[in-house]
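Peer 1: heads up, no residue letters with this:
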Ligand SMILES: [Zn+2]
Ligand SMILES: [Zn+2]
């Protein structure tokens with residue numbers, strides 16, 4: 001469901017039907033305008049590295065860049081809604097790696113900055 005945008009939000013968050021200011025960037029976590037510099041998060045394209053050819057068809061992942069307020073909780077709110085798990089050893093960074101979670105048949109995101117096993121938890 002990586003194509004979900006603010007206009008399609010149906011999970012109880014208010015739906016902005018009219019965009020008055022096309023220059024303002026909205027946070028994908030809380031859908032409020034971002035004043036100042038947004039935090040941009042891109043999800044690494046694993047097609048080029050290790051995934052099978054069918055990955056691109058089957059994957060729900062929208063590589064972004066996704067834009068948020070500069071606060072990790074907004075990134076995690078977006079992950080929670082989108083259905084990603086969160087690696088608790090990770091921080092919110094500009095580049096996140098998608099990791100297939102075998103037990104959940106879903107995707108977790110991690111910054112890849114640690115070398116031991118991932119610990120995926122609900123974002
Ligand atoms: Zn936000
Ligand atoms: Zn991890």
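Peer 2: Alright, I've got the coordinates. Remember, it's a predicted structure, so these values are computed and weren't measured experimentally. Ligands and ions are numbered 1, 2, ... in the order given.

Peer 1: Confirm that residue 112 sits in a strand.
Peer 2: No. Going by DSSP: H, G, I helix; E, B strand; the rest coil, the assignment for residue 112 is coil, not a strand.

Peer 1: list the buried ones in the lengthiest strand in the chain?
Peer 2: As assigned by DSSP state E, the longest strand anywhere in the chain is strand 95-101. Judged by neighbour count (16 or more other C-beta atoms under 10 Å), strand 95-101 contains these buried residues: 96-99. Every residue, glycine included, has its C-beta placed from N, CA and C.

Peer 1: partners of that strand in the sheet?
Peer 2: Strand pairing for strand 95-101, determined by DSSP bridges: strand 39-43 (parallel), strand 106-110 (antiparallel).

Peer 1: So what touches it?
Peer 2: If you take C-beta atoms under 8 Å, 6 or more residues apart in numbering as the criterion, strand 95-101 is touched by 41-44, 46, 59, 61, 85, 87, 90, 106-112, 118, 120.

Peer 1: Could you look up the SS state of residue 79?
Peer 2: Assignment for residue 79 (three-state DSSP): helix.

Peer 1: For ligand 2, see how far away the residue lying closest to residue 71 once chain neighbours are set aside is.
Peer 2: Closest residue to residue 71 apart from its sequence neighbours, by C-beta to C-beta, 6 or more residues apart in numbering: residue 39 at 7.7 Å. Applying C-beta to the ion, to the nearest Å, the value for residue 39 to ligand 2 is 19 Å.
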